[in-house]
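Chemist: Sequence first, predicted model second:
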Amino acid sequence: MRLSELVLYSLFIFLFVLWSCAFAENLCECDEGRNYPEVRPLISMLKEKSDRIRTIQMDLTLITEKNEYVTEPLSNINFSFIMSENNYVLIYTRPAKEVILDNSKKEGNIADTDRPQNPLESWLINRYKEKQKNNKPLIYYDFYTEYNYFYNNKYAVYSIFSKGEEQKVEARKLIDIETPPIFIFEDPRIFVGKGGIKDAGIKNREDKSLSLIEFLEKEGMYCYKGENEYRKIWHMSRLEDNFQLEMEFHIDSHDNLLKVKEVMRPFWRFGNTEIKEIEEILGKKVSCDYPEKVIHEIIFSDFHPDWDIPLKMEKLAYDYILPDNKKSDWESIYQKYEQGKLSYPKFIGYYHLFFQPIVKKRVFILINKESLKINEPIDESIFISPVKPPEETLKETEKQSRSPWYRRYTGVIFVGGCIAFTLILMFLTRRYLGWGV
């Protein structure tokens, strides 16, 4: 081989290697599949850490930061949480005045199909109505305690309104579901990777949830990025109703999950032509990290030395506001978009250019380290609600009232028999013994 040919061949190989490296670096930054050498091991590691916690008992405190955007009248709330595999019980107490009452709930309403079938059933229903009339209004009570039970795919809730020794119990219907529901506040299971993701585009969110690990294991696009302080996995998957969810996971050098972000980025939602239109508006290059709209951000810290469980969680919910000096410009842009004079990618570009993020809500959840117990035996009976819902109690009453006549009127027969026996005894003693003469 001639020297000139050797030089050209070497140069070709050199350029090919450079191109391959650049191409690989681009893939590494923005478009790696789950089989990339770092992605699958990290997912497996997080799953293993979550699975090794079979039981957990802990007390928690939820603190809601007050600001001009927070409208929920919540004070600090103390929780008790016990979980074994997929079963759990969660208990919390709040001032009764903070509870939002369900106006649609009607107590003591008897449907036409439940009309009394006999005198005894009529008496029982009247007693039930009378009891409801004697109930004091909920505003009378000082505290509200709610008990959430999930056991063998059955979810039950009951609550107690209390004032000193006085109590009023309200039970809700048992629900048959495959996965535990999302709690009204924040989900304690998230501390061990099992918690439900809120606002994840899931139907019937009160009955379904998706854990962090479950989401990471769903099919979709992945991206891995190694940095000095942490490693980052970005994942996009389509859930129910074709809802596209993007989340980013930050993991430190000790394999602790530091941060979880729910984000929306144009890079993953548009093709190259549309991205160029967005870049034209922003005046900057669109990358896999820029621009972005962060929906929620969860930050974990203060990790337990033995179990690597975070003892503190901070959750930020973001909203996006339009500065006053941009409102007139935005109105003009919006009108052009509505009239079809502005493409959707350019509209999105203007949105990222004009709207600014603000923290709409900030929530802290702290675990009481002294209360934390992991993988200790737990009696399963603790996950079974001791209170039956009112509708079940009424059904049992109706069932008893519709039993054979001799069972329904056992009390009447007994009392009647006693009266008849007494009258016969009085007659015999007066006639033959002269008593009562």
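Modeler: Okay, I see it. Numbers count the residues shown, from 1 in each chain.

Chemist: In stretch 226-234, which residues are buried?
Modeler: For stretch 226-234, burial by neighbour count (16 or more other CB atoms under 10 Å) applies to 230, 231, 232, 233, 234. Every residue, glycine included, has its C-beta placed from N, CA and C.

Chemist: For the stretch 1-150 of the chain, give me the ranges with low pLDDT.
Modeler: Low-confidence segments of the stretch 1-150 of the chain (pLDDT under 70): 1-36, 66-75, 100-135.

Chemist: try 90
Modeler: 1-42, 62-79, 85-86, 92-150 (pLDDT under 90).

Chemist: who are the neighbours in contact with residue 335?
Modeler: With contacts taken as CB atoms under 8 Å, 6 or more residues apart in numbering, residue 335 has no neighbouring residues.

Chemist: from the buried residues of stretch 226-234, which is closest to residue 152?
Modeler: Closest approach between those and residue 152, by CB to CB: residue 233, at 33.8 Å.

Chemist: which element is that closest one on?
Modeler: Residue 233 is located in strand 230-238, with elements delineated by DSSP states H and E.

Chemist: same thing with residue 362?
Modeler: strand 356-367.

Chemist: For residue 58, see how far away residue 242 is.
Modeler: Distance, residue 242 to residue 58, using CB to CB, to the nearest Å: 37 Å.

Chemist: re the thing from before, tell me which of the buried residues of stretch 226-234 has the lowest pLDDT.
Modeler: Across those, the smallest pLDDT goes to residue 230, namely 82.

Chemist: Surely that one and residue 252 touch.
Modeler: Yes: assessed by CB atoms under 8 Å, residue 230 is found in contact with residue 252 at 5.0 Å.

Chemist: Now list whatever residues contact both of the two.
Modeler: Shared contacts of residue 230 and residue 252 (CB under 8 Å, 6+ apart): residue 258.

Chemist: Which residues does stretch 367-382 contact?
Modeler: Contacts for stretch 367-382 (CB under 8 Å, 6+ apart): 53-61, 82, 84, 87, 89, 151, 191, 304, 307, 309-312.

Chemist: Pull it out as CSV, backbone CA atoms only.
Modeler: Output in CSV follows, covering the C-alpha atoms of stretch 367-382 (Å, rounded to 0.1, in the frame of the first residue of the first chain):
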residue,chain,number,x,y,z
ILE,A,367,-40.3,10.8,59.2
ASN,A,368,-39.9,10.5,62.9
LYS,A,369,-36.6,8.5,63.0
GLU,A,370,-37.4,7.0,66.4
SER,A,371,-40.7,5.6,65.1
LEU,A,372,-39.2,3.9,62.1
LYS,A,373,-39.3,0.1,62.1
ILE,A,374,-38.5,-2.0,59.1
ASN,A,375,-39.0,-5.6,58.3
GLU,A,376,-40.4,-6.4,61.8
PRO,A,377,-43.4,-8.9,62.0
ILE,A,378,-46.8,-7.3,61.8
ASP,A,379,-50.1,-9.0,62.7
GLU,A,380,-52.3,-8.9,59.5
SER,A,381,-55.4,-8.2,61.6
ILE,A,382,-54.2,-4.7,62.0
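
Chemist: name the helices or strands packed onto the host helix or strand of residue 157?
Modeler: Residue 157 is part of strand 154-163, with elements assigned from DSSP H and E. If contacts are counted by 3 or more CB pairs under 8 Å, 6 or more residues apart in numbering; DSSP states H and E, strand 154-163 sits against strand 143-151, strand 166-171, strand 175-176.

Chemist: what's the neighbour count on residue 311?
Modeler: When neighbours are defined as other CB atoms under 10 Å, residue 311 has 19 of them.

Chemist: likewise residue 218?
Modeler: By other CB under 10 Å, 14 other residues sit near residue 218.

Chemist: what's near enough to touch the closest residue to it other than its chain neighbours?
Modeler: The shortest distance from residue 218 to any non-neighbouring residue, by CB to CB, 6 or more residues apart in numbering, is to residue 237 (4.1 Å). Contacts here follow CB under 8 Å, 6+ apart; on that basis residue 237 touches 215, 218, 219, 220, 221, 244, 245.

Chemist: right, and out of the residues you listed, which lies closest to residue 285?
Modeler: Of the contacts of residue 237, the one sitting nearest to residue 285 (CB to CB) turns out to be residue 221, at 20.1 Å.

Chemist: Any idea how many residues pack against that closest one?
Modeler: 16.

Chemist: now swap in residue 76 and tell me
Modeler: Using other CB under 10 Å, residue 76 is surrounded by 11 other residues.

Chemist: quick one: it from residue 309, how far?
Modeler: Distance from residue 76 to residue 309, by CB to CB: 22 Å.

Chemist: related to what we said a few turns ago, list the neighbouring strands of the strand holding residue 362 plus their orientation.
Modeler: Applying DSSP bridges, strand 356-367 is found paired with strand 55-64 (antiparallel), strand 310-321 (antiparallel).

Chemist: Can you show me the strands along the stretch 251-400 of the chain?
Modeler: 257-264, 293-303, 310-321, 356-367, 373-374 (DSSP state E, counting those that start in this stretch).

Chemist: CSV for those strands, including mean pLDDT?
Modeler: Compiled in CSV, the strands of the stretch 251-400 of the chain are given as follows (pLDDT from 0 to 100):
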stretch, mean pLDDT
strand 257-264, 93
strand 293-303, 93
strand 310-321, 92
strand 356-367, 90
strand 373-374, 94
